[in-house]
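Trainee: Show me the folded form of this:
(one chain, ligands or ions: 1)
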Amino acid sequence: MSATTAAASSTAEVLRFASERAQKYLAETQHGRVAPSEKDLLELGRLHEPFPESPADPREIIALLDAVGSPATVKLTGGRYFGFVNSGTLPAALGANLLAAVWDQNAALRVMSPIAAELEDVLRLWVCDALGLPTDCEIGLVTGATGANFTSMITARHALLARAGWNVEEDGMFGAPPIDVVVGAEVHSAMLKALTMAGFGKKRLKLVDVDQQGRMLAAKLPKLSPNTIVCLQAGNVNSGSFDPVAEICPRAKDAGAWVHMDGAIGLWAAASPKYRHLLRGFEQADSWATDAHKWPNVNYDCGLVIVRDAQALRAAMTMRGAYLQAGTRREPMYQTPDGSRRARGVELWAALKSLGRTGLAQLIERTCEHAQRFASELQRAGFAILNDVVINQVVVSFGSPEVTRQVVRRIQEDGTCWCGATVWQGQTAMRISVCSWATTDADVEQSLAVIIRIANESRKSAGL
Ligand SMILES: *Cc1c(COP(=O)(O)O)cnc(C)c1O
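Mentor: Residues are numbered from 1 along each chain as shown. Below is the predicted model of the structure:
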């Protein structure tokens, strides 16, 4: 970089400039479209230039990013985004994220970042406390539930094979004693991906039938043994339903199986006295995966793996090198597949500190109430709710698959709110997932008005 370019903008100046732009973006988020317009997307073409021959001023780069990039974002941080299971960012998490960006910490080892390691020590206790899990569980901060499920499966693989006298770290998976994996027919694709990456082919899986809500039927469980991993689900991505943990867990434990729970969404229901019953018995599992970037409204990317047997997790994840000297205390890197990584515990800590026990419970309960409101008003307007709305997820049909798809498309084009399409138990439907701390009653009302208007128009033009 030439001296003149370096001098053009100091780091502090760039930061101030970026921060001004960020605040402008934030202020505009509550108004206007939730998803970009066609015109906004066309502007992205401006980014397609040849690789620049010479350096550019950082401020000009931020200005371009804001001019072209900001309009092409999806406004997850506003209150009217109900797509996938995407939430916003709590103010404390956002502020912490900004400071952490300036810190630029590598959270791999304590010696690289004492603060990152210390916050993870705190989080280990807080997360277990908030969820009501044994406080000697170990946690790993990963990118999301996909990574958390993967880490869990690598850990389960280690533990079960070690018990069978096989050292998987030394001898690998080829020729290892067989392990059966039991999943529900409504298992999330991320769980399947995690299993595949961990060396369990899809043909190895034993699929258990589910009921109309997508819950595993305990009566249909195959024979379980100490060589079985049972993957339960807390919070189906469409219906929000929970596998009957209280029925399955004791049976699996009696058989000596490893019980894992994909609770990407639903694990946080345990933090609410009102919804905790959905997870009854879940504390008996061996490993749990969840997302902090879903219900707890922590910015991306932040997932959590929680493991009862800390030794098993460490045995599966430890990486050593002459220059990677561990201290005597917990090292973040020994609990995750990653080596170098960002200090994502900073934002999770800030989010949990800002919410506290009561705030976390209220966030869960408020978003569930919004979902209930969506369901009851849509039902009153004559549309079919296809799931029991047990948490924050609503699945609604507007009639035929064609009409439903058209309604979803028109809602997305309208831009007031954003909902996605799905197929639930063979029926084309729209999903509403209320995850954001920022969603207000007014957001729900405004969104409902648009959804109902568009659905009625679409049904009318289809002659329904
Ligand atoms: C969202 C989700 C995942 C995947 O989580 P990522 O954060 O996208 O990795 C896995 N399982 C379930 C049930 C989910 O809802």
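
Trainee: near the ligand, which residues of this protein?
Mentor: By the rule Cβ under 6 Å from any ligand atom, the part of the chain lying against the ligand is 85, 144-146, 188, 190-191, 233, 235, 237, 262, 264-265, 291, 303. Every C-beta, even on glycine, is put in place using the N, C-alpha and C of the backbone.

Trainee: Out of these, name the ones that lie in strands.
Mentor: Counting by DSSP state E, the residues of the chain next to the ligand place Gln233, Asp262, Asp291, Gly303 in strands.

Trainee: what's the farthest-apart pair in those?
Mentor: Gln233 and Gly303 (15.5 Å; Cβ to Cβ).

Trainee: and Ala100, how many neighbours?
Mentor: 23 (other Cβ atoms under 10 Å).

Trainee: does it really touch Glu347, like I thought?
Mentor: Yes: if you go by Cβ atoms under 8 Å, Ala100 and Glu347 touch, sitting 6.9 Å apart.

Trainee: How about the secondary structure of Ala159?
Mentor: Secondary structure, DSSP: H, G, I helix; E, B strand; the rest coil: Ala159 is helix.

Trainee: oh, I was asking about Val390
Mentor: coil.

Trainee: how near is the residue in the chain positioned nearest to the ligand to Gln212?
Mentor: Closest to the ligand within the chain is Gly144: 2.6 Å, counting by Cβ to the nearest ligand atom. As for Gly144, its distance to Gln212 is 28 Å (criterion: Cβ to Cβ, to the nearest Å).

Trainee: ok, the two, which is more surrounded?
Mentor: A count of neighbours by other Cβ under 10 Å puts Gly144 above the other of Gly144 and Gln212, at 21 against 12.

Trainee: Spit out the contact partners of Pro337.
Mentor: By Cβ atoms under 8 Å, 6 or more residues apart in numbering, the residues touching Pro337 are Val142, Gly147, Phe150, Thr151, Ile154, Met317.

Trainee: In strands only, show me the residues you listed.
Mentor: Secondary structure from DSSP E places Val142 of the contacts of Pro337 in strands.

Trainee: What is the nearest of the contacts of Pro337 to Asp254?
Mentor: Proximity of these to Asp254 (Cβ to Cβ) peaks at Ile154, which lies at 24.9 Å.

Trainee: The spatially closest residue to the closest one that is not a sequence neighbour and Lys253: what is the separation?
Mentor: Excluding the flanking residues, the one nearest Ile154 by Cβ to Cβ, 6 or more residues apart in numbering is Ala316, at 4.8 Å. With distances taken as Cβ to Cβ, Ala316 is found 21 Å from Lys253.

Trainee: And the two? Which one has more around it.
Mentor: Ala316 (24 against 17).

Trainee: I figured that one was touching Arg157, is that so?
Mentor: Yes: using Cβ under 8 Å, Ala316 is in contact with Arg157, at 7.4 Å.

Trainee: most centrally placed residue in the chain?
Mentor: Centroid-nearest residue in the chain, with Cα atoms, centre = their mean: Asp291, separated by 3.7 Å.

Trainee: Mind jotting down where the strands sit in the stretch 151-300 of the chain?
Mentor: Along the stretch 151-300 of the chain, counting by DSSP state E, counting those that start in this stretch, strands occupy 180-184, 205-208, 228-233, 258-262, 287-291.

Trainee: Tyr334 contacts Ala315, correct?
Mentor: No: applying Cβ under 8 Å as the test, Tyr334 and Ala315 come out as separate, 9.4 Å apart.

Trainee: and Lys24, how many neighbours?
Mentor: 12.

Trainee: right, I mislabeled it, should have said Lys203
Mentor: So Lys203, with other Cβ under 10 Å, has 5 neighbours.

Trainee: same thing with Val408?
Mentor: 25.

Trainee: on that earlier part again, ok, of the ones in strands among the residues of the chain next to the ligand, which one's closest to Glu13?
Mentor: Nearest member of those to Glu13, counting by Cβ to Cβ, is Gly303, at 35.0 Å.

Trainee: so who does that closest one touch?
Mentor: 141-148, 264, 289-293.

Trainee: I'd like the residues you listed as a markdown table, with pLDDT appended.
Mentor: Below are those laid out as a markdown table (pLDDT from 0 to 100):
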| residue | pLDDT |
| --- | --- |
| Leu141 | 98 |
| Val142 | 98 |
| Thr143 | 98 |
| Gly144 | 98 |
| Ala145 | 98 |
| Thr146 | 98 |
| Gly147 | 98 |
| Ala148 | 98 |
| Ala264 | 98 |
| Ala289 | 98 |
| Thr290 | 98 |
| Asp291 | 98 |
| Ala292 | 98 |
| His293 | 98 |
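
Trainee: Of these, keep whichever come out buried.
Mentor: 141-148, 264, 289-293 (16 or more other Cβ atoms under 10 Å).

Trainee: between those, which is nearest Val181?
Mentor: Distances from Val181 to the buried ones among the contacts of Gly303, taken by Cβ to Cβ, are shortest for Ala289, at 14.6 Å.

Trainee: The closest one reaches His260, doesn't it?
Mentor: Yes: Ala289 lies in contact with His260 (Cβ under 8 Å); the separation is 7.4 Å.
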